[in-house]
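**Q** structure for the following, please:
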Amino acid sequence: MTAETWKEIASKKQLKNASMIPPAWRLPVELTRLDGSSGMNVIDVPRQSGILTERQLEITELYDATDLLRKIEHRELSAHDVTEAFCIRAAIAQQVTSCLTEVFFERALQRAKDLDEILATTGERVGPLHGLPISLKDCFNVEGISSTIGFTSFIKNGPVKTNSPVVEILLRLGAIPFVKTNIPQTMMAADSHNYVFGRTLNPHATNLTAGGSSGGEGALIAMRGSVLGVGTDIAGSIRIPALCNGTYGFRPSADRIPYGGQTGSSRGGLCGIRPCAGPLATSARDLELFMEAMTKADPWELDSSVIFSPWRSLSPKKVLRLGFLEEDPHFPLHPPVLRTLTTAVEKLRKAGHEVVPIKTSVIRDACALAFKIFAMDPAKTAFKHIAASGEPTIPALATTSIPQKSMPYEYAPLTLEGLYDLTEQRNRIKEEFRALIIQAKVDAIIMAGYQSTAVPHDKYGMPPYTTMWNVTDYPSCIIPHGKADKRADEVFIRNVDYEPAYEPDAIEGAPCSVQLAGRNMQDEELVQVAKIVSNHALSRHIQPKAKPPSPLSLFWQEIAPPPFNPPEEEAGGDGFLNTTLFGRAAGRNLGHNGATTVSFRSGGDWDEVLATVDKFKDFYHPVVTIQFGHNDQKPAANISLEQYTENLQEFVEEVLDAGATPILVTPLSRRNYETSTGSPRIIQSLANETIATLRAARRSAVRVIDLNKASTNYLNAIGPANAYTYNLNPTDYTHLNDAGSVVFGGIVADLIIQVAGDLSRDGYLKVNADLKKDVDEGVYYWPWT
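**A** Below you'll find the predicted structure:
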């Protein structure tokens, strides 16, 4: 009988894995056949697929891990509902990016049910991660699940019998492991490609790499198939996928998070550079969530490599002094990276932080040293695993295993003298960076994470700007910031030798980022810096405080309703601002009829919004709600949906830069009904603008309320005759009279409370109980009866 070939063995594994996705969660064949050449953006496929319910879309799109844990604890969401939503979304992500290696959805859903029952019966959580689905890089062992790590020769090994220590701790903390994610063959390349699970594609552009070696994690989290995952890093394997996919990634100091008990591709005796495990996430605060939970769980009792280092609480810090590390001339920064890094520094300075230039000449030396050390295994263990099945070596290994023109070095001789030479060189490099940070008196270093954005497949090459921190064992992290834009990037093109090649058309729209680095074992300090940098300057994710500063200032940028005049009361504001704000909250309506996302800016109205924020931000917690759509869709406006989306994103970015919190609002439904068939139903004339608003919120990672959906549901319930009583005049089905302003203002307030509950808890935002009851039940409400 002829032995099976490696292709046949891999094909069986692939078919088995594909069968684990339930039929109801499967996409059309034309989407699942994407390859690495299409360049398609698949970020929105989960929403467009129609597979996820609106509730599941909200769960997977609107919250980070910290939000979800709070909602599970307060029983606003169940662990089962959250887990199911992410299982479905992960399954969708897998079908368009090949980001997963193993799925165990049924096990995860059963654990979620068990955790819900524990919370319901005891009132207590199992741990700080109670009910949170967490994804894991394939190398982490999960009892009863295979760990093939991309080697065809490992398929025969079957399921493992024990959990890795990091998995064991996550279970004790209440987390729910539910998938494992793709990696490169040998786990020593920046393209997550192997012949068992295929090539992981970048969801922002499938012609680009998702990075490696935790590339499956990066792609999955970018698609919101997970909000918190665990990767590993020895040369940038957490940070490279983070920067390629536009997520957050944290490389801790080695030996703080358990690394042992994994399935590895090489021998574990490598000296000089310690690998580490760490989180990829959708927000900076979730990096801290993971680090604090893990280090407070006594991990040193399960893994002998972990040192005793419980998470430390730090005093609040408001103003930073950062060292801006200049590029190494051997690795010039590509135009989009140079542009976004420059603007990041400018924003930080504008926010009141001090940024000072620093430089070093040892970046190339550090990278060369690392790859000499990586090549020291005399047994070439990883390549033996490849040879065992007869499968070929993936192309990406050639770009990191063969010295390039920027890296003229020979691999280390396998002698004791050579080992001593490498150790001495590493010590000199570590001393160089210690002195650099101490002499500059900085809280952290800000720099590029790589000379480019994500690049086309198999072209990543050497990763000098991440590897240097593995050599020194300094914690470092990636914060997403901006995107490649060839028009904006043109002025940053220089006459230098870019490596890899600069291909503006190929990388258009690819995520950009900055990297932060701190001192060894000062992970707490670096996470604090990351949160400050993210919250105050770069990030688009809103991270509400447990108790926002009092008083509250809420600027309502609503275009459709006119100013509201309460009966027998002094005029001022609209129904939302006049009937739902309480305590020391104040509001101002800066919108007006007829404005588009273009005219509102060109006419100077947007400048007034920013000026108002600037005037009050030192005394109030400013929140800016932003709603357009009715006028942007008119042919005379000549505004495409993509331009409309980008205009909203620009508003959001400027609100954040101004020091305020933006909330996007989908457009209010017009009161036009389809009456030709059955019960009258609202005509969805603003569906495209609604989708574009939701897309802008996801792209910017900010809060959004779906007023279009809520108003449509209410108007369908009460019918045309009642709905028309809210018209400004009998034939105006867009603008509201005073009563309509009160009713729909109350709906807006209720929706804001759902996404920013702290405003309600602190007494700033309240909804009339009768109004809320009637709207929730679909009963017609008139304010003055």
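
**Q** make it CA atoms for all contacts and neighbour counts henceforth
**A** OK.

**Q** what's the neighbour count on Ile59?
**A** For Ile59, the neighbour count with other Cα atoms under 10 Å is 21.

**Q** nearest residue to it in space, please, no chain neighbours.
**A** Val82 (6.5 Å; Cα to Cα, 6 or more residues apart in numbering).

**Q** tell me who's in contact with that neighbour.
**A** Applying Cα atoms under 8 Å, 6 or more residues apart in numbering, we find Val82 in contact with Gln56, Ile59, Thr60, Leu68, Gly131, Leu132, Pro133.

**Q** and for Thr97?
**A** Arg199, Thr200, Leu201, Asn202, Pro203, Thr206, Ala219.

**Q** Gln649 too?
**A** By Cα under 8 Å, 6+ apart, the neighbours of Gln649 are Ala696, Ala697, Arg699, Ser700.

**Q** what's the closest of the contacts of Thr97 to Thr612?
**A** Distances from Thr612 to the contacts of Thr97, taken as Cα to Cα, are shortest for Pro203 (38.1 Å).

**Q** my guess is that closest one meets Ala222, correct?
**A** Yes - applying Cα atoms under 8 Å, one finds Pro203 in contact with Ala222, separated by 7.2 Å.

**Q** common neighbours of those two, please.
**A** Ile43, Asn245.

**Q** could you check which of the two is surrounded by more residues?
**A** Per other Cα under 10 Å, whichever of Pro203 and Ala222 has more neighbours is Pro203, with 31 against 27.

**Q** how about low-confidence regions in this structure?
**A** Residues of the chain that meet the criterion pLDDT under 70 lie in 1, 269-271, 399-413, 536-574, 758, 760-762, 785.

**Q** next, the spatially most central residue of it: phi, psi?
**A** Nearest to the centroid of the C-alpha atoms of the chain, with distances taken as Cα atoms, centre = their mean, sits Thr282, at 3.0 Å. Dihedral angles of Thr282 (phi, psi; degrees, to the nearest 10) stand at phi -100, psi 0.

**Q** then Phe492?
**A** Torsion angles, degrees, to the nearest 10, at Phe492: phi -100, psi 0.

**Q** pretty sure it contacts Leu341?
**A** No - when contacts are counted by Cα under 8 Å, Phe492 is not listed as touching Leu341 (11.4 Å).

**Q** looking at those two, which is more packed in?
**A** Neighbour count, other Cα under 10 Å: between Phe492 and Leu341, Leu341 has more, with 24 against 15.

**Q** now the more buried one: phi and psi?
**A** Dihedral angles (degrees, to the nearest 10) for Leu341: phi -70, psi -40.

**Q** over to Met376?
**A** phi -80, psi -20.

**Q** restricted to helices, list the contacts of Thr97.
**A** If you go by DSSP state H, those have Ala219 in helices.

**Q** let's have the contacts of Thr97 in CSV, adding distance to Ala756.
**A** Output for these, formatted as CSV (distance: Cα to Cα, whole Å):
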residue, distance to Ala756
Arg199, 39
Thr200, 35
Leu201, 34
Asn202, 32
Pro203, 29
Thr206, 35
Ala219, 28
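
**Q** taking the contacts of Thr97, tell me the two that lie furthest apart.
**A** Arg199 and Pro203 (12.2 Å).

**Q** in the biggest helix by length in the chain, what counts as buried?
**A** Counting residues, the longest helix found in the chain (DSSP H) is helix 416-440. Residues of helix 416-440 classed as buried: Leu419, Leu422, Thr423, Arg426, Ile429, Lys430, Phe433, Arg434, Leu436, Ile437, Ala440 (neighbour count, 16 or more other Cα atoms under 10 Å).

**Q** same question, stretch 303-314
**A** Those would be Asp303, Ser305, Val306, Ile307, Pro310, Trp311, for stretch 303-314 by 16+ other Cα under 10 Å.

**Q** between these, which sits nearest Asn520?
**A** Ile307 (13.0 Å).

**Q** now the contacts of Gln649 as TSV including neighbour count, distance to Lys16 and secondary structure?
**A** Listed next are the contacts of Gln649 as TSV, based on neighbours: other Cα atoms under 10 Å; distance: Cα to Cα, whole Å; DSSP: H, G, I helix; E, B strand; the rest coil:
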residue	neighbour count	distance to Lys16	secondary structure
Ala696	23	37	helix
Ala697	26	37	helix
Arg699	16	34	helix
Ser700	20	37	helix
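
**Q** still on that earlier bit, in what helix or strand does the residue nearest to Ile59 lie?
**A** helix 79-97 (DSSP states H and E).

**Q** now for whichever helix or strand comes after that helix, which elements pack on it?
**A** As assigned by DSSP H and E, the chain's next helix or strand after helix 79-97 is strand 100-103. Here strand 100-103 touches helix 6-19, strand 176-181, going by 3 or more Cα pairs under 8 Å, 6 or more residues apart in numbering; DSSP states H and E.

**Q** check contacts around the closest residue to Asp255 other than its chain neighbours.
**A** Counting by Cα to Cα, 6+ apart, Val306 is the residue found nearest to Asp255 once chain neighbours are left out, at 4.4 Å. Val306 is in contact with Asp255, Arg256, Ile257, Pro258, Tyr259, Pro299, Trp300, counting by Cα under 8 Å, 6+ apart.

**Q** same deal with Gly719?
**A** Gly719 neighbours (Cα under 8 Å, 6+ apart): Pro680, Arg681.

**Q** so that it lines up with my notes, have the first residue be 10 from now on.
**A** In the new count, where the first residue is 10, that last one comes out as Gly728.

**Q** buried ones in the helix or strand encompassing it?
**A** Here Gly728, judged by DSSP H and E, is contained in helix 716-732. Of all the residues in helix 716-732, those buried under the rule 16+ other Cα under 10 Å are 716-729, 732.

**Q** and what of stretch 122-133?
**A** Neighbour counts over stretch 122-133 (16+ other Cα under 10 Å) mark Lys122, Leu124, Asp125, Leu128 as buried.

**Q** next: stretch 500-520.
**A** Using 16+ other Cα under 10 Å as the test for burial, stretch 500-520 gives Tyr507, Glu508, Pro509, Tyr511, Pro513, Ile516, Glu517, Gly518, Ala519, Pro520.

**Q** against Asp200, how distant is the residue nearest to Ala526 when sequence neighbours are not counted?
**A** Leaving aside its sequence neighbours, Ala526 sits nearest to Ser485 (Cα to Cα, 6+ apart; 4.1 Å). Counting by Cα to Cα, to the nearest Å, the separation of Ser485 from Asp200 is 21 Å.
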